[in-house]
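J.: Below is the sequence, then the predicted model.
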Amino acid sequence: MQYHLVAFVILLVAVIAVFAFRSSTDDSQVQEDFDRFLNEPMSPRQAVRFYERYVGHKYENQGYDVSYLAGLKGHVDQGRDIIVKTPKEILVIQTRAFGRRRVVHDNDIYQLFGKMTHFKLTSVDPNRTTRAIFYSTSNFSSLAKQAASTLGVEIRTEKFNRTYPMIKCSVSPTGEKNYYLPFDPVYDRVKIDHKRDEHFVRTVHQAVKKGFKRAG
């Protein structure tokens, strides 16, 4: 009887070890895929999406509600890349990832102002004010700066960043803890709530260490 019990324990430990090794191997492969994603050259379209997510992350990390319209709706986002809801404001954000020699022109400011106005008229929210922000990796022309000042559009120059913590660690309504990578189809739909012990991390190892597993 004792022999069978010892044999059962040994078998159980072996099974657990196999699953742990397999899980570790899978996570290592996922990290390799993620590293490849971060380091491979990007097409102009990929760079635009990456930059949009980086800007949105700055607000997500502050606990604000962020909707990535371009990521969720593609070309039907009406030029509004990101909608951010704070307790007092709704921010209509446009992003541009340009080369060094490109600049944002006044016409771009006029278009964002018009789209912000349309959003304000069609999305009535008496508890929040609505304003527009234009982020770009490059400079704004003098006319663009004048237009922004006149119309009350905030302009910000923000460098492209490929090293921010972009892995999303999310807890499902049933308590399941999963992590999501930028190339996952549902990535833009996943929202992080720090109050629910959800996180942004830089590596798969950090996600696993916090108890999260790869989303199936």
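T.: Received the coordinates, thanks. None of the values given here were measured: they were computed from a predicted structure.
J.: what's the weakest-modelled helix or strand in this structure?
T.: Ranking every helix and strand in the chain by mean pLDDT, DSSP states H and E puts helix 69-73 at the bottom, with a mean of 58.
J.: Okay, strands next: where are they in the chain?
T.: With strands called from DSSP state E, the chain shows them at 65-68, 82-85, 89-96, 129-136, 154-157, 167-171, 177-180, 199-201, 213-214.
J.: of those, which approaches residue 193 most closely?
T.: Closest approach to residue 193 among these (Cβ to Cβ): strand 167-171, 8.2 Å. C-beta here means a position set from N, CA and C on the backbone, and glycine is covered the same way.
J.: From residue 28, how far out is residue 167?
T.: Distance, residue 167 to residue 28, using Cβ to Cβ, to the nearest Å: 15 Å.
J.: These two: which has the busier surroundings?
T.: More neighbours surround residue 167 than the other of residue 167 and residue 28, with 22 against 12 (other Cβ atoms under 10 Å).
J.: I figured that one hits residue 209, correct?
T.: No. Look at residue 167 against residue 209 with Cβ atoms under 8 Å: they stay out of range, at 11.9 Å.
J.: Neighbours of residue 83, how many?
T.: Residue 83 has 19 nearby residues by other Cβ under 10 Å.
J.: And for the one 3 residues further on?
T.: The criterion is other Cβ under 10 Å. On that basis, residue 86 has 14 neighbouring residues.
J.: Once you drop chain neighbours, what's closest to it?
T.: Spatially, and ignoring its direct neighbours in sequence, residue 86 is nearest to residue 64 (5.1 Å; Cβ to Cβ, 6 or more residues apart in numbering).
J.: and if you look at residue 50?
T.: In space, residue 50 is closest to residue 42, 6.5 Å off (Cβ to Cβ, 6+ apart).
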